[in-house]
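Peer 1: got a structure for you, letters missing:
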């Protein structure tokens, strides 16, 4: 006796029968994730039995609630959406809706090959890598240097004012920052052009945002200005944790400030520097510490500087939302994510080999 699917039984507007062939796999994956999270929790708690774990949770009920909410947030908004990556290997059409995730034609690596053969492939890769590497070169060491300088300031009032002023730009959105950049670099009445003309350095105003030669420098400088103070807080906190008796002993031995920085401060905050470097390399294509490649390229890019402003993220946006090629856009984004994952593991391995300090 055959059983036909009951009409009207749907989930999110999709007939439940569409999910049936995949239900076991989905439940297996979800169960594995929950089991993994549970094992990590048990390991971090330093306990070995279920009874001890439950006792630990009850004694820390208030704090564990926040931990559970954080895990749920990551699971719902970070892990579950990963299921959508399957369309990078399918010919997904938006009109097919959610069932299209399961019923679309499997095309394998078609979209990856198409992106590789795209006429703009090397230009996009060059721009993404160049902008990311330039940001890493400048945005990573500058907060460390700034933290070292602030740590040497003896007047606390001056130190607090400078620190506050330096990290406030972090809370300004890139929309506002881009408006400030446009105003500062305006060809007709921008402060930069007026200042250069007044100093006699140029005779005619420069159209900075229409000139490809200046675009990468504008991105790096604006990113440093916005994020330098914020990351300085992290390195200052690490410096504050350095044992002060080492400084006192160094002063007695006649060490200068520079010698104390090189011999005591920098080696003491090396673990923090290494971890931040690994995280920066993991987000290299996203913009490093600031993670701002997309916002800057999208807001400051235009047709006149497109040859240097088109990056993976902006190209993905155009392909996905503007042209409706969701499978193609997902494939490009998946490629970027895989490269970022490889960079995290590689940088962590090299850091542990070189300094003995790693993220995991």
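Peer 2: Thanks, I have it. Keep in mind that what you see is a predicted model, and the values were worked out from it rather than measured.
Peer 1: got any ranges where the protein has weak pLDDT?
Peer 2: 1-50, 53, 289-291 (pLDDT under 70).
Peer 1: swap the cut-off to 80 and go again
Peer 2: Applying pLDDT under 80 to the chain flags residues 1-58, 60-64, 287-291, 354-360.
Peer 1: quick one: the helices in the stretch 201-350 of the chain?
Peer 2: Here the stretch 201-350 of the chain has its helices, by DSSP state H, counting those that start in this stretch, at 212-240, 244-252, 257-260, 266-268, 270-282, 293-300, 306-309, 312-317, 326-355.
Peer 1: give me the number of residues near residue 210?
Peer 2: 14 (other C-beta atoms under 10 Å). In short, each C-beta sits where N, CA and C put it, glycine included.
Peer 1: which ones are touching residue 151?
Peer 2: 236, 239, 265 (C-beta atoms under 8 Å, 6 or more residues apart in numbering).
Peer 1: Neighbour-wise, which one of the residues you listed leads?
Peer 2: residue 265 leads the contacts of residue 151 on contacts (other C-beta under 10 Å) with 22 neighbours.
Peer 1: Ok, which of the helices of the stretch 201-350 of the chain comes nearest residue 144?
Peer 2: Counting by C-beta to C-beta, residue 144 lies closest to helix 212-240 out of the helices of the stretch 201-350 of the chain; the figure is 5.4 Å.
Peer 1: Mind giving me the packing neighbours of that closest one?
Peer 2: Applying 3 or more C-beta pairs under 8 Å, 6 or more residues apart in numbering; DSSP states H and E, we find helix 212-240 packed against helix 121-139, helix 141-151, helix 156-167, helix 174-185, helix 270-282, helix 293-300, helix 306-309.
Peer 1: switch to 10 Å and redo it
Peer 2: When contacts are defined as 3 or more C-beta pairs under 10 Å, 6 or more residues apart in numbering; DSSP states H and E, helix 212-240 packs onto helix 121-139, helix 141-151, helix 156-167, helix 174-185, helix 266-268, helix 270-282, helix 293-300, helix 306-309.
Peer 1: which parts of the third one are buried?
Peer 2: Burial within helix 156-167, assessed by neighbour count using 16 or more other C-beta atoms under 10 Å, is assigned to 159, 162-163, 166-167.
Peer 1: And the shortest one, by the same measure?
Peer 2: When burial is assessed from 16+ other C-beta under 10 Å, helix 266-268 yields no buried residues.
Peer 1: Check which helices and strands it sits against.
Peer 2: Helix 266-268 packs on helix 212-240, going by 3+ C-beta pairs under 10 Å, 6+ apart.
Peer 1: the inter-axis angle of the helix it packs on versus helix 270-282?
Peer 2: 150 degrees (axes from the mean of the first three to the mean of the last three C-alpha atoms, to 10 degrees).
Peer 1: quick one: helix 212-240 to chain centroid distance?
Peer 2: 14 Å (C-alpha atoms, centre = their mean, to the nearest Å).
Peer 1: what's the neighbour count on the residue nearest to residue 320 when sequence neighbours are not counted?
Peer 2: With C-beta to C-beta, 6 or more residues apart in numbering as the criterion, residue 320 has its nearest non-adjacent residue at 3.2 Å, and that residue is residue 329. By other C-beta under 10 Å, 23 other residues sit near residue 329.
Peer 1: Using JSON lines, lay out the contacts of residue 151 together with distance to residue 147.
Peer 2: What follows is the contacts of residue 151, written out as JSON lines (distance: C-beta to C-beta, whole Å):
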{"residue": "236", "distance to residue 147": "5"}
{"residue": "239", "distance to residue 147": "6"}
{"residue": "265", "distance to residue 147": "9"}
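Peer 1: Residue 285: which of those is nearest?
Peer 2: Nearest to residue 285 among the contacts of residue 151 is residue 236, at 28.1 Å by C-beta to C-beta.
Peer 1: The closest one and residue 311, how far apart?
Peer 2: 32 Å (C-beta to C-beta, to the nearest Å).
Peer 1: Also residue 51?
Peer 2: Look at residue 51 and residue 311: by C-beta to C-beta, they are 53 Å apart.
Peer 1: Between these two, which is the more surrounded one?
Peer 2: More crowded of residue 51 and residue 311, by other C-beta under 10 Å: residue 311, with 27 against 9.
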